[in-house]
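# quick one, what's the 3D model for this:
(chains A, B and C)
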Amino acid sequence: MNGYPFNRRRATAAHLPLGERRDARFYGKHILSVSQFTRTDLEYIFAVADEMRIMVERVGTFDLLKGKILANLFYEPSTRTSSSFTAAMERLGGSVIPINEVRYSSVAKGESLPDTVRTLEAYSDVIVLRHPETGAAALAARYARKPIINAGDGTGEHPTQALLDLFTIREELGRLEGLTVTMLGDLKYGRTVHSLARLLALYGARINYVSPEILRMPREIVEELERQGIPQREYTMLDDVLAETDVLYVTRVQKERFEDLDEYEQVKDAYVITTETMKRAKPAMILMHPLPRVSEIALDVDLDPRAAYFRQVEYGLYVRMALLAMVLGKA
Amino acid sequence: MNGYPFNRRRATAAHLPLGERRDARFYGKHILSVSQFTRTDLEYIFAVADEMRIMVERVGTFDLLKGKILANLFYEPSTRTSSSFTAAMERLGGSVIPINEVRYSSVAKGESLPDTVRTLEAYSDVIVLRHPETGAAALAARYARKPIINAGDGTGEHPTQALLDLFTIREELGRLEGLTVTMLGDLKYGRTVHSLARLLALYGARINYVSPEILRMPREIVEELERQGIPQREYTMLDDVLAETDVLYVTRVQKERFEDLDEYEQVKDAYVITTETMKRAKPAMILMHPLPRVSEIALDVDLDPRAAYFRQVEYGLYVRMALLAMVLGKA
Amino acid sequence: MNGYPFNRRRATAAHLPLGERRDARFYGKHILSVSQFTRTDLEYIFAVADEMRIMVERVGTFDLLKGKILANLFYEPSTRTSSSFTAAMERLGGSVIPINEVRYSSVAKGESLPDTVRTLEAYSDVIVLRHPETGAAALAARYARKPIINAGDGTGEHPTQALLDLFTIREELGRLEGLTVTMLGDLKYGRTVHSLARLLALYGARINYVSPEILRMPREIVEELERQGIPQREYTMLDDVLAETDVLYVTRVQKERFEDLDEYEQVKDAYVITTETMKRAKPAMILMHPLPRVSEIALDVDLDPRAAYFRQVEYGLYVRMALLAMVLGKA
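Numbers count the residues shown, from 1 in each chain, chains lettered A, B, ... in the order given. The predicted structure follows:
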C-alpha cells in the first residue's frame, strides 16, 4: 500500500476506541442495496474502513470478531468476492463456513433460498449471499434473523462493490465532492457502474458515460440522477472527455452478456486503455476497474501510478471488514 | 432459540466442569452407527449437547477444541451436513480442512478410501466422512487411528442425524419415554427414519408408519423392533393417527429414488402437511423434518410454533459439537 | 508417529528459540524450484521441519503464524497437496483462503494468472499455487509482492514434494550421504522423481532407475547428474538392484499420461511391490511412494515397518509448516 502518490487523506474519524461503539444504525441490519445509505451512513462506513486499513497495516489481523462465524453462501462462483469476504472475516479473527457448491447441494434437490438461509443462520452469525437472481438478497433478508450481506444478486445490486469503489476514490483523491467521473465500456449490463452512479449522485459529481450505442447506461438510471440535478453526458468517444476526467472507471465488455457474438467481436476492443491514453489524461486522475480485466486495459498501464485497480482490491478488503464489524455490532 | 413453547427441560447433567471429564467411553472412538449406543451413552451425549447449547447461547464460540483439526471428507455433496460439522468445529475454536471435491481428486485417480483416510489422519485429529456407499464408514474406521464420524454412508447409516432427531424430541417435549411417534412419507429409502426408529426403540415409543404402499418401512426394521416389543402400526392415511401423535416426522419423497418417474408423480403430493393438518394435531405435538423440504410441508406451517424443523437444525449443531468434543476427549 | 524402527535421528539444530530467528535467506522469498536450494539451505529447512515435528507431537497446534493468511490457489484439483498446506497453516495457528474452483471463476472469464495473484495478495500473506502449466509459478512470482510457494506446475516442478521426500529419507535412515536410491515405475512423466534425483545429487547418492523402456528417466536429467559425477544406472528389472537398495521409491504409472491405452495396460502391472519383493530387500531399507497409490504396492505391504509412505505424508506436513514459517519470517 506504500508509494502511490494520491493518498492525500488518512483516517481521523476514529474518535472512539475500536470495539466500543455499538452502532444502532447498522447493528443487526442487512446490507442489501446502495439505496439504503445516506451520506452520513457512507461517511461512517468509510471512517470504520479507514480504521480497518490502519489496523491491517499495523498488525495484519486482530480479534475484533473472534468467535463469530460467517456463512459465505455463493450460488454462483466468484472467487474474487468470496475470497475478499473470507479474508475480511479472517483478518478480524472470525471463522468462515465456505459454501461454494450450491449447484450440487440441497438446492439442487429443490430447497428454497429461505429454507437454506434459515438453516445456515443456525450455524452462523452473518450470511454473505451471492445469487444469480435479482432480488434474491431481499428475499433472503425477509426470512433471516441474522444479517444478510448482498454480494451480488443477478443484474440487481452489488452494494459492497459500489461502496469499495467510492471508498477507493475517497482514499485516492482525498475527496468525493466536485469530481468528474467518466464511466467507460459496458454501461448497460454492468451493475457495478449502475450502483456507483447512484452513490456518486449523493456527492454531486459530474458523470460522463462513454459506451457503444448498444451498451448505453439504462434510461431509468440516467433519469433518476437527472431528477437529482446531477450533470450527466453521453459519448461514444473517450477522447471527448478524457482531459477533464478525475476518475476513469473502465468496465469489461462481458462476452456472456451478448446473445449475438458478432456484436461482441465488433465492440470488444473499442475502448481499450493504453499508455497512449494515459498520456492524454490528467496527472492526478485515477484509473479504476472492478476486475477481472481481460484486454480492456493494456498490461503496461499497470506500471502507471494512476492505475488504481489493484489498490481498489485492497480497499475492498477494508470496506468488507467494516461492514462485517458493523452489522455484528463491533465497529 | 427463544420463544418456542415446548422447551420444558434444561440440561442439569453438567456435574463436572467443562473440559475436565475425559470420557473413556467415547475418547478416541469412532461414531459409525446408532446401534453402538446404549441408553446411558445417549443420555451422556445429550447432557454434553445441552452444555454445548448453553455455551453457544451464552458466548457463541469457545476454545474447547482450539488447536484441533477436523478433516471434513465429503465424497458426495451435502451442504447442510458439511456446514453443520464445520460450524460445530469452529464454535469449539477448532479448524477445518474442507474436502468437498473428491470427485475431481486423488480418488478419481483410483485411490482407495483406506489410503485417503490414512493420508488425512496425518493432517487432522478427527475425520468426518460422507460417502455414497453403504459400509464406507466402517471400512474407513478399520484403517484409521484417528476417530471417524460417519456423516452418512449410502443407504446405510447417518447416526448424527438420528442423534439430533432424538435430541430434538427430548429438548422440545422434555422426555423420550411414552411418546407416540408417527413417521410419514418415504419410509423405504429414508435412512433417517430407519435410524431414528432404532433409537426410539430404546425408549419404548409407540411408532406409526404412514406411507404409500411402495414406500413402506423395510421389513427387517419392523421385525427388529417387534422383537424388542415395540408397538408398531402401518397406515396409508395420516388422519388415522394424527390425533394421537406426539411427534410427526415428515420425510421427503425423493425423486432420485424412483426409477419410474410416473410413480413419483403419483405419490409426491400424497402426504403434504398444511395448516389444516396442523389444526387436527395435538396442541403440544411437534412437527419434524430432516430437511431439505420441497413441498411436503406448506410454507405457512413454518409460523406454527409446533413446527420444529428449523430448531432441529440448531439442535444438530449442539449434538455434533458434543460428539466432536467427546471423541477428542474434551467433553 | 511412534513405533517405526528406523528413526535413528532427531532434531538437534534448534539452537535458537522458535520465533526469534528471522532468516534472511528465506524471509519473503518464493519457493519455486529445487534448483534454488544449496545443501546449507536444505539443512536449514530440515532443521526447522524437525522443530515443527517436535512441536506437533508435543502440542498439536501452536500460534507461530496466528493472524497470517494463506491463499491456497489450486487451478487443478489436488486434495492431498491442498489439504497438506491447509493443515500446515492451521497447525501454525494461521488461516486459509481455499480457492479450489478456479475453473468456474474469474479465470474462466479470461483473467490472467498475474492479475489473479495481484488480487489474492491483497487478501493474504502467502500464496500456494498449483497450476497445470509448466512455468506458472515463476510467472506468478514475477508479479507477486507476497511469497509464492509452487505446489506443482504441470510437468515442471513440485519442490515441496521433493523436499518432503528428502526429509523422509533423512528422518527414516538418519542420513542422506552414501545411500543407494532406486526409482521405480514411470520415470519419464513423474516430476516427483525428477526433482528428487536433482536433490539427491547434492548428497552424492548412487541412483538406480528401473522402468519400462518407454518410461525411462529423461536424458537431460541423467546427463545433468552425470556432469555432477553421480553414479546412475538404468534397468528394466527391479531384482537386479533390489538387494543393494537403501531407498526404493515407487511411482505410479499414470493412465492419464498415455495416449495409447494398450501401452498402459501392458506396463501397468510390471512393477508391483508385494510382500515377496520385500523379503528380498534389505532389512533396514525404506519403501517410499508419493501417493496416491493404485495397485503398484500390494496392500499387505503396508504392514511392513519398512513401508514409509504414510509416514512420508506426515513428514510432508512438517516440511510445509517449515516453509510457510520461513517465508513469513517466523522460523
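
# quick one: which helix or strand includes the residue most central in space within chain A?
To find the centre residue of chain A, average its C-alpha atoms and take the closest one (C-alpha atoms, centre = their mean): that gives A:Gln161, at 0.9 Å. With elements taken from DSSP states H and E, the one containing A:Gln161 is helix A:159-173.

# what's the following helix or strand after that helix?
Along the chain past helix A:159-173, the next helix or strand (assigned with DSSP H and E) turns out to be strand A:180-184.

# quick one: is whichever helix or strand comes after that following strand near chain C?
Scanning the chain past strand A:180-184 towards its C-terminal end, the next helix or strand to appear is helix A:191-201 (assignment: DSSP H and E). No - against chain C, helix A:191-201 shows no contacts by C-beta under 8 Å from any C-beta of the partner chain, the least distance being 14.0 Å. C-beta: built from backbone N, CA, C; applies to glycine.

# which helices and strands does helix A:191-201 pack with?
Helix A:191-201 makes packing contacts with helix A:159-173, strand A:180-184, helix A:219-227 when contacts are defined by 3 or more C-beta pairs under 8 Å, 6 or more residues apart in numbering or on different chains; DSSP states H and E.

# does the helix holding A:Gln161 come close to chain C?
No - residues of helix A:159-173 contacting chain C under C-beta under 8 Å from any C-beta: none, with a closest distance of 11.3 Å.

# give the other helices and strands that that helix contacts.
On a contact count with 3+ C-beta pairs under 8 Å, 6+ apart, helix A:159-173 meets helix A:39-59, strand A:148-153, helix A:191-201, strand A:247-250, strand A:286-288, helix A:309-327.

# check which residues of the fourth one are buried.
Yep, that's strand A:247-250 we're talking about. By 16 or more other C-beta atoms under 10 Å in any protein chain shown, the buried positions in strand A:247-250 come out as A:Val247, A:Leu248, A:Tyr249, A:Val250.

# need the pLDDT of the first one.
Meaning A:Val247. At A:Val247, the model reports a pLDDT of 98.

# again, but for the last one
Per-residue confidence for A:Val250 comes out at a pLDDT of 97.

# count of residues packed around the nearest residue to A:Leu163 once chain neighbours are set aside?
If you skip the residues right next to it in sequence, A:Leu163 has A:Val319 as its closest partner in space, 5.0 Å away by C-beta to C-beta, 6 or more residues apart in numbering or on different chains. When neighbours are counted by other C-beta atoms under 10 Å in any protein chain shown, A:Val319 registers 26.

# I'd say A:Val319 and A:Phe167 touch.
Yes - under the contact definition of C-beta atoms under 8 Å, A:Val319 touches A:Phe167, with a separation of 5.1 Å.

# so what's the residue nearest to A:Leu163 up against?
Under the criterion of C-beta atoms under 8 Å, 6 or more residues apart in numbering or on different chains, the neighbours of A:Val319 are A:Ile45, A:Phe46, A:Ala49, A:Thr160, A:Leu163, A:Leu164, A:Phe167.

# how close does it sit to chain B?
With distances defined as C-beta to the nearest C-beta, to the nearest Å, the gap from A:Val319 to chain B amounts to 24 Å.

# can you count the residues close to the nearest residue to A:Leu179 once chain neighbours are set aside?
Counting by C-beta to C-beta, 6+ apart, the nearest residue to A:Leu179 once its immediate chain neighbours are dropped is A:Asp246, at 4.5 Å. The local packing of A:Asp246 (other C-beta under 10 Å) involves 20 other residues.

# look up how far chain B lies from A:Asp246.
Relative to chain B, A:Asp246 is positioned 44 Å away (criterion: C-beta to the nearest C-beta).

# next one: A:Ile97
From A:Ile97 over to chain B (counting by C-beta to the nearest C-beta), the distance is 5 Å.

# and if you look at A:Gly190?
As for A:Gly190, its distance to chain B is 30 Å (criterion: C-beta to the nearest C-beta).

# now do the closest residue to that residue other than its chain neighbours: how many residues are near it, please.
On the basis of C-beta to C-beta, 6+ apart, the spatially nearest residue to A:Gly190 that is not a chain neighbour turns out to be A:Thr251, at 4.5 Å. Neighbouring residues of A:Thr251 were enumerated by other C-beta under 10 Å; the total is 24.

# hmm, back to that, would you list the buried residues of strand A:247-250 in CSV and tack on distance to C:Glu220?
Converted to CSV, these look like this (distance: C-beta to C-beta, whole Å):
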residue, distance to C:Glu220
A:Val247, 53
A:Leu248, 49
A:Tyr249, 50
A:Val250, 45
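
# from those residues, which is closest to chain B?
Distance to chain B across these (C-beta to the nearest C-beta) is lowest for A:Val250, with 34.3 Å.

# so where's chain A shaky on pLDDT?
Counting by pLDDT under 70, chain A shows low-confidence ranges at A:1-24, A:101-110, A:257, A:270.

# wait, does stretch A:125-133 contact chain B?
Yes - using C-beta under 8 Å from any C-beta, stretch A:125-133 reaches chain B at A:Asp125.

# and the contacts of that stretch?
Where contact means C-beta under 8 Å, 6+ apart, the residues beyond stretch A:125-133 that reach it are A:68-76, A:78, A:81-82, A:85, A:94, A:113, A:117, A:120-121, A:136-137, A:140, A:144, A:146-154, A:324, A:327-328, B:60.

# with stretch A:295-303 instead?
For stretch A:295-303, contacts defined as C-beta under 8 Å, 6+ apart pick out A:185, A:250-253, A:268-269, A:271-275, A:277-278, A:287, A:289, A:307, A:309-310.

# just the buried subset of those residues, please.
Judged by neighbour count, with buriedness set by 16+ other C-beta under 10 Å, the buried members of the contacts of stretch A:295-303 are A:185, A:250-253, A:268, A:271-273, A:277-278, A:287, A:289, A:307, A:309-310.

# nearest to chain C among these?
Taking C-beta to the nearest C-beta as the measure, chain C sits nearest to A:Phe310 out of the buried ones among the contacts of stretch A:295-303, at 5.0 Å.

# ok, the residue nearest to the closest one when sequence neighbours are not counted to chain B distance?
Using C-beta to C-beta, 6+ apart and skipping residues adjacent in sequence, the residue nearest A:Phe310 is C:Arg118, 5.0 Å away. Summarising the geometry, the distance separating C:Arg118 from chain B, computed by C-beta to the nearest C-beta, is 25 Å.

# again, but for A:Thr192
When C-beta to the nearest C-beta is the yardstick, A:Thr192 and chain B sit 28 Å from each other.

# A:Ala71 too?
A:Ala71 sits 7 Å away from chain B, taking C-beta to the nearest C-beta as the criterion.

# which residues sit against the helix or strand encompassing the residue nearest to A:Phe310?
Element membership of C:Arg118, judged by DSSP H and E, is helix C:113-120. Helix C:113-120 is contacted from outside by A:79-80, A:83, A:291-293, A:310, A:313, C:71, C:73, C:97, C:99, C:106-107, C:127, C:129, C:131, C:136, C:139-140, C:142-144, C:148, using C-beta under 8 Å, 6+ apart.

# make it 7 Å
The set of residues external to helix C:113-120 that reach it, using C-beta atoms under 7 Å, 6 or more residues apart in numbering or on different chains, is A:80, A:83, A:291-293, A:310, A:313, C:71, C:73, C:106-107, C:127, C:136, C:139-140, C:143-144.

# okay, and which of those residues map to strands?
Cross-referencing the contacts of helix C:113-120 with the strands (criterion: DSSP state E) gives C:Ala71, C:Leu73, C:Ile127 as the overlap.

# next up, the contacts around the residue of the stretch 151-300 of chain A found nearest chain B.
Residue nearest to chain B within the stretch 151-300 of chain A (C-beta to the nearest C-beta): A:Ala151, separated by 17.0 Å. A:Ala151 makes contacts with A:Thr81, A:Phe85, A:Val128, A:Leu129, A:Arg130, A:Thr160, as judged by C-beta under 7 Å, 6+ apart.
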